[in-house]
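Novice: structure for the following, please:
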Amino acid sequence: MTLKTILAAATLAALGTGLAAQEVKIGIAAEPYPPFASLDSSGTWVGWEVDVIDAVCKAAELNCVITPVAWDGIIPSLTGGQIDAIMASMSITEERMKTIDFSDPYYNTPTVVVADKAMDIDATPEGLKDKIIGVQASTIHQAYAQEYFKDAAEIRIYQTQDEANQDLVAGRIDATQADSIAMADFVSTDAGACCEIKGNVADDPAILGLGVGAGVRKGEDALREALNKGIAAILADGTHAEITARYFKASIY
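Specialist: Numbering: from 1, shown residues only. Below you'll find the model as predicted:
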């Protein structure tokens, strides 16, 4: 067992050396998703997830380049070789694991329903009966709404969460479903002051996943393990917590 362990460690070290010498394109969604990733006034990508990407790559000794890709084409971009990994708040789900592999999770937060403060709505089929709920395309939220809310509510699909939020504020939909952290950020802004989180949806790991991880191509074990090494390192040395404290009041891991 000792010899096997030594050989495995040597192999991983050699693979890591090879990865360090090449550019690793980390795909993020081209659409803004604050506070995780968005463009600042100078055109630079900023946000919690951007900072985490930088920290993970540094800890893993990877030469990473952030590469924006349209969300609805981000998995095809990975499998087609345009990017090498996805770090774009992508939940680890059984359906996605049929196509790609995932690293260990680097954050996990509940899923919530948001609506106008004056509306009597909760995060259940009964609470959304005869309402219009907006969700982002190609997300776990679309899959969840179509599984649990389709018989009670009208479901509208948007290319970005920002578009759904805009229609919520304008009164064109009654509610939206999304990640709790992103929506907490939205309702704290002037634009989202009309609305509030109405509650968490009932958990369904098969649809909502097992947390957010980095997606890699099937068989890219060296890169997946390098990312796992980086994630473990920033969790262990406090970097993850330090980055989180810049954006949130509590842990999201």
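Novice: which outside residues touch the one helix or strand residue 231 maps to?
Specialist: Here residue 231 sits within helix 221-236, counting by DSSP states H and E. Helix 221-236 has contacts (Cβ atoms under 8 Å, 6 or more residues apart in numbering) with 12, 15-16, 18-19, 24, 52, 55-62, 84-85, 101-104, 106, 214, 216, 239-240, 243, 253. Quick note: C-beta positions are derived from backbone N, CA and C, even for glycine.
Novice: got it, and stretch 72-86?
Specialist: 24-29, 67, 69, 88, 90, 96, 99-100, 137-138, 159, 214-217, 220, 223, 227.
Novice: buried only: go through those residues for me.
Specialist: Buried members of the contacts of stretch 72-86, scored by 16 or more other Cβ atoms under 10 Å, are 24-29, 67, 69, 88, 90, 96, 100, 138, 214-217, 220, 223, 227.
Novice: can you flag which of these belong to helices?
Specialist: Among these, the ones falling in helices (DSSP state H) are 96, 223, 227.
Novice: show me where the stretch 1-150 of the chain has helices.
Specialist: 2-20, 48-59, 74-79, 94-97, 140-148 (DSSP state H, counting those that start in this stretch).
Novice: list the buried residues of the third one.
Specialist: Taking 16+ other Cβ under 10 Å as the basis for neighbour counts, the residues of helix 74-79 that come out buried are 74-75, 77-78.
Novice: between these, which is nearest residue 174?
Specialist: Proximity of the buried residues of helix 74-79 to residue 174 (Cβ to Cβ) peaks at residue 74, which lies at 28.8 Å.
Novice: and the gap between that closest one and residue 63?
Specialist: Separation of residue 74 from residue 63 (Cβ to Cβ, to the nearest Å) stands at 21 Å.
Novice: equivalent analysis for residue 195, please.
Specialist: 42 Å.
Novice: who's more crowded, these two?
Specialist: For residue 195 and residue 63, the more surrounded residue by other Cβ atoms under 10 Å is residue 195, and the numbers stand at 21 against 11.
Novice: quickly list what the more buried one is bridged to.
Specialist: Residue 195 has the following beta-bridge partners by DSSP bridges: residue 116.
Novice: hang on, isn't it packed against residue 114?
Specialist: Yes - Residue 195 lies in contact with residue 114 (Cβ atoms under 8 Å); the separation is 5.3 Å.
Novice: what do the two both touch?
Specialist: With Cβ under 8 Å, 6+ apart as the test, residue 195 and residue 114 both reach 168, 186-187.
Novice: redo these as JSON lines? Include distance to residue 232, neighbour count and pLDDT.
Specialist: As requested, the shared contacts of residue 195 and residue 114 are exported to JSON lines (distance: Cβ to Cβ, whole Å; neighbours: other Cβ atoms under 10 Å; pLDDT from 0 to 100):
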{"residue": "168", "distance to residue 232": "38", "neighbour count": "24", "pLDDT": "98"}
{"residue": "186", "distance to residue 232": "31", "neighbour count": "24", "pLDDT": "95"}
{"residue": "187", "distance to residue 232": "33", "neighbour count": "17", "pLDDT": "96"}
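Novice: which of these sits closest to residue 39?
Specialist: Of all the shared contacts of residue 195 and residue 114, residue 39 sits closest to residue 186, with 16.9 Å by Cβ to Cβ.
Novice: just checking, the closest one touches residue 114?
Specialist: Yes - using Cβ under 8 Å, residue 186 is in contact with residue 114, at 7.3 Å.
Novice: any shared contact partners between the two?
Specialist: In contact with both residue 186 and residue 114: residue 195, using Cβ under 8 Å, 6+ apart.
Novice: residue nearest the centroid of the chain?
Specialist: Nearest to the mean C-alpha position of the chain, counting by Cα atoms, centre = their mean, stands residue 89 at 1.0 Å.
Novice: got the phi and psi for that residue?
Specialist: Dihedral pair for residue 89: phi 50, psi 40, per degrees, to the nearest 10.
Novice: quick one, what contacts it?
Specialist: So residue 89 contacts 29, 33, 36-37, 49, 107, 179, 182, 212 (Cβ under 8 Å, 6+ apart).
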